[in-house]
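Pasting the sequence and the predicted coordinates here, then a few questions.
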Amino acid sequence: MPVYALVGSDSFMQLEALSRLLASLPKDTQRIDLDGERAQLADVLDELRSFAMFGSGKVVVVRDADDFISRYREQLEDYLAKPSDSGTLVLRLPSLPGNQRISKLIAKVGKIEPCEPPKGAGMPAWIVNRAKSVHGLKIASDAAQMLAEFLGNDLGRVDSELSKLALQVDGNVATMDDITRGVAFQREQEMWDMTNELAAGHPDKAMKRWRQLTQLDSSAEFRAVTWLGMWLENVRKALHMRRQGMNAGAIASALRLWPREIQQPFFKTADALGDAGVARAIGLLAEIDKQSKSGIGDAATNVERFMLTLAARG
């Protein structure tokens with residue numbers, strides 16, 4: 001399909017949908033990531049209409065595409081009336097009203113995929129299904145309810161805990177006792193601390209924290225890309241929200257930055273990276289993930305290389 005719209009407020013679901021889309025494309029597809037706040041229409045269309053130099057096609061991913069659509073609505077509608085067959089456009093945005101012409105055009109020639117987390121009673125059911133389909137883990141309904149109460153609908157954190165439980169639970173059936181023992185926020189706090197050290201220009205301290213984390217949690221190296229990706233997504237969102245005039249307290253609430261003591265270091269991290277640093281880091285992380293999945297180096301070493309490279313270019 002020539003265009004996809006990943007619509008919703010949940011970064012985890014958007015990244016999951018994007019991952020499924022990329023997996024359905026040829027392995028040598030060239031990926032271009034652009035920030036919707038700064039992307040120019042001419043550049044996007046040039047990428048979509050030109051053939052990939054090295055690969056069978058292109059996919060252009062526009063983050064925060066609501067701003068991009070607002071600036072170029074009529075031109076995008078013209079493009080969607082006759083989209084290029086040499087490239088795929090992916091728009092990531094928080095909302096897209098179905099009564100808008102651009103929404104109808106996307107639905108006609110491509111696909112609109114909702115990316116909203118389940119709410120209320122739907123969350124435990126999502127946990128049960130996610131545990132079974134992705135992690136090969138059976139989880140009791142009362143245990144799923146407890147996990148939902150602990151973590152809410154923060155799908156990234158929930159998925160991280162399910163991954164951990166799948167490695168730790170005897171008999172592959174998680175109970176309320178397993179949740180009580182296994183759901184701990186210490187590891188995520190350590191990840192926050194590690195990334196803050198890295199962004200602050202302390203790669204030696206960041207590396208020390210990473211190695212301690214892999215020693216304490218044998219599954220850390222397999223989940224590091226997800227953790228780091230979610231962290232970078234939050235940094236990017238925080239910078240965007242600040243430009244929209246939101247204060248630190250409102251941003252922290254919207255991004256669920258807790259416990260409170262991580263908030264100040266987080267905002268210092270965001271300021272240290274800036275928009276350019278975040279974009280560079282996302283590109284580096286995508287390359288590291290690709291190498292790990294392709295068998296180029298082991299996952300833990302590749303994460304270390306990502307941190308060192310990011311620090312060197314910061």
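Received, thanks. Residues are numbered from 1 along each chain as shown.

pLDDT (mean, whole number) over the longest helix along the chain?
Secondary structure of the chain per DSSP state H: the longest helix is helix 263-293. Per-residue pLDDT values over helix 263-293 give a mean of 86.

Over to stretch 47-61?
Across stretch 47-61, pLDDT averages out at 81.

list the buried ones in that stretch?
Neighbour-count burial for stretch 47-61 flags 47-48, 52, 58-61 (criterion: 16 or more other C-beta atoms under 10 Å). Where you see a C-beta, it was placed from the backbone N, CA and C, and this is true even at glycine.

Closest to Gly36 out of the residues you listed?
Proximity of the buried residues of stretch 47-61 to Gly36, judged by C-beta to C-beta, is greatest for Val61, which lies at 9.9 Å.

Does the closest one touch Thr88 like I think?
No. Contact between Val61 and Thr88 fails when scored by C-beta atoms under 8 Å: they sit 9.1 Å apart.

Domains in the chain, by residue range?
When the chain is parsed into structural domains using automatic domain parsing, the resulting residue ranges are 3-114, 122-182, 186-313.

Lowest average confidence across the ones you listed, which one?
Of all the domains of the chain, the minimum mean pLDDT falls on domain 186-313 (a mean of 81).

re earlier: sitting in helices, which of the buried residues of stretch 47-61 do you find?
Assigned to helices by DSSP H, the following of the buried residues of stretch 47-61 qualify: 47-48.

Tell me which stretches of the stretch 1-150 of the chain form helices.
Ranges of helices within the stretch 1-150 of the chain are 11-24, 41-49, 65-71, 73-81, 101-109, 122-135, 141-151, based on DSSP state H, counting those that start in this stretch.

Compute the inter-axis angle for the fifth one and helix 73-81.
Compare the direction of helix 101-109 with that of helix 73-81 by axes from the mean of the first three to the mean of the last three C-alpha atoms, to 10 degrees and you get 10 degrees.

Would you mark the buried spots in helix 101-109?
102-103, 105-106.

OK, contacts around Ser141?
Applying C-beta atoms under 8 Å, 6 or more residues apart in numbering to Ser141 gives the contacts 124, 128.

now with 10 Å?
Under the criterion of C-beta atoms under 10 Å, 6 or more residues apart in numbering, the contact list for Ser141 reads 124-125, 127-128.

No further questions, thank you.
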